[in-house]
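Chemist: Take this sequence and fold it.
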Amino acid sequence: MISTESASTLTIGNIGGMVYEYFWNWQGKQLKIVYETRGEGQPVLLLPAFSTVSSRGEMAGIAEIISSQFQVVALDWLGFGESERPNLDYNPAIYQQLVEEFVQSIFDIPIIIIAAGHASGYAVNLAKKCPNNVAKLVLIAPTWRGPLRVMGLPETVRTMVREMVCSPGIGQILYQLNTTPGFLRFMYSRHVYVDESKLNPEFINQKRQITQQPGARFAPAAFVTGGIDPVEKRGDLIVTLQSLSIPILVIVAQQAPPASLAEMLAIAELSQVEKIELSGTLGIHEEYPVNVSEAICNFL
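Modeler: Next comes the predicted model:
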């Protein structure tokens, strides 16, 4: 069952359901978190991947398919999508506490969590800290290192980049240069989608609209520079996964960048984890929702 908050009239990037606002308190501040529900049945929480264009809308294909059997809830992370985007020191503690309190406030029975990318690490940590709240986990193309960290940039450089992007003036210019339609298409074709024909002007413009909201640069700057990585090293994530006693499915994206693919395969080889490999890369959950949903439904 879902305990709803005041209804929202926001429409960007929705999954075709009812949109609500959840007001979350963080260090004395009340922050607006947008989420959406669709369907009936056992509740399934969809957690989108972190990225410059992160939004619950990227889970729409999966939501449409599985909402015939489940009650689907899709969340916009703080600082992304239609949720509030304050200028905060975004860090893992914020997101871990957010997802824990959201789940405990909204659901009154154990839920299934379907998490993509970096969201996988937060879902795994949630299952460890709140075992009575999570019944099953599905991790889609799980990652845990931000792009600049994957590239091997030292922490001092990454911190400098984050501070520059978050600063007034030059930060806004840098952010705009990295969210032009041409740059977004380049990044999608390089890391996110396999089929470039899907990256038409309408699709790219929809993604760019997400990046142009007030305060849009602060949380993505933290993600890109590794500031919201859910774990410090692969071993931490593996140890946590090994401690869980719930069913877990890992969906490996076969065309993911080599460093990310290596992480997915290392996680998927754990004895208590079910694995399936599908064609796709980091945006597999959005690009190939039918294949991904079929694997999820077979697992569930």
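
Chemist: Go through the protein and flag its longest helix.
Modeler: In the chain, with assignment by DSSP state H, the single longest helix is helix 92-106.

Chemist: What lies in contact with that one?
Modeler: Helix 92-106 has contacts (C-beta atoms under 8 Å, 6 or more residues apart in numbering) with 2-3, 22, 24, 26, 33, 35, 45, 47, 73, 75, 77-78, 88, 111, 122-123, 125-126, 129-130, 133-134, 228-230. Every C-beta, even on glycine, is put in place using the N, C-alpha and C of the backbone.

Chemist: again, but for stretch 144-157
Modeler: Contacts to stretch 144-157, defined as C-beta under 8 Å, 6+ apart, come from residues 118, 120-121, 158, 161, 223-231, 234, 237, 257, 259-260, 263.

Chemist: And for stretch 181-191?
Modeler: For stretch 181-191, contacts defined as C-beta under 8 Å, 6+ apart pick out 52-53, 177, 196, 199, 201, 204-205, 207-208, 211, 257, 281-283.

Chemist: Just those: which are in helices?
Modeler: Assignment to helices by DSSP H places the following of the contacts of stretch 181-191 there: 177, 201, 204-205, 207-208, 211.

Chemist: and the two most separated of the residues you listed?
Modeler: Within those, Leu177 and Pro201 form the most distant pair, 19.2 Å apart (C-beta to C-beta).

Chemist: Tell me how far the residue nearest in space to the middle of the chain lies from Gly41.
Modeler: Closest to where the C-alpha atoms of the chain average out (C-alpha atoms, centre = their mean) is Ala49, at 2.3 Å. The gap separating Ala49 from Gly41 is 24 Å, by C-beta to C-beta, to the nearest Å.

Chemist: what's the answer for Ala216, then?
Modeler: From Ala216 over to Gly41 the distance is 34 Å, taken as C-beta to C-beta.

Chemist: hang on, the earlier thing: out of the ones in helices among the contacts of stretch 181-191, who has the most neighbours?
Modeler: Within those, Lys207 tops the neighbour count with 24 neighbours, counted by other C-beta atoms under 10 Å.

Chemist: I'd guessed that one sits against Ser54; true?
Modeler: No: when contacts are counted by C-beta atoms under 8 Å, Lys207 is not listed as touching Ser54 (10.1 Å).

Chemist: Let me see the ranges of the helices in the chain.
Modeler: 60-66, 92-106, 119-129, 147-150, 155-166, 170-177, 181-187, 201-211, 218-224, 234-243, 258-268, 284-287, 289-299.

Chemist: Drop anything exposed from the contacts of stretch 144-157.
Modeler: Buried residues within the contacts of stretch 144-157, counting neighbours by 16 or more other C-beta atoms under 10 Å: 118, 120-121, 158, 161, 223-231, 237, 260, 263.

Chemist: Chain neighbours aside, what residue packs nearest to Ile33?
Modeler: Closest residue in space to Ile33, ignoring its immediate chain neighbours: Tyr22 at 4.4 Å, by C-beta to C-beta, 6 or more residues apart in numbering.

Chemist: That neighbour - how many residues pack around it?
Modeler: Neighbour count of Tyr22, defined by other C-beta under 10 Å: 22.

Chemist: ok, Asn14 - contacts?
Modeler: By C-beta under 8 Å, 6+ apart, the contact set of Asn14 is 36, 56-57, 60.
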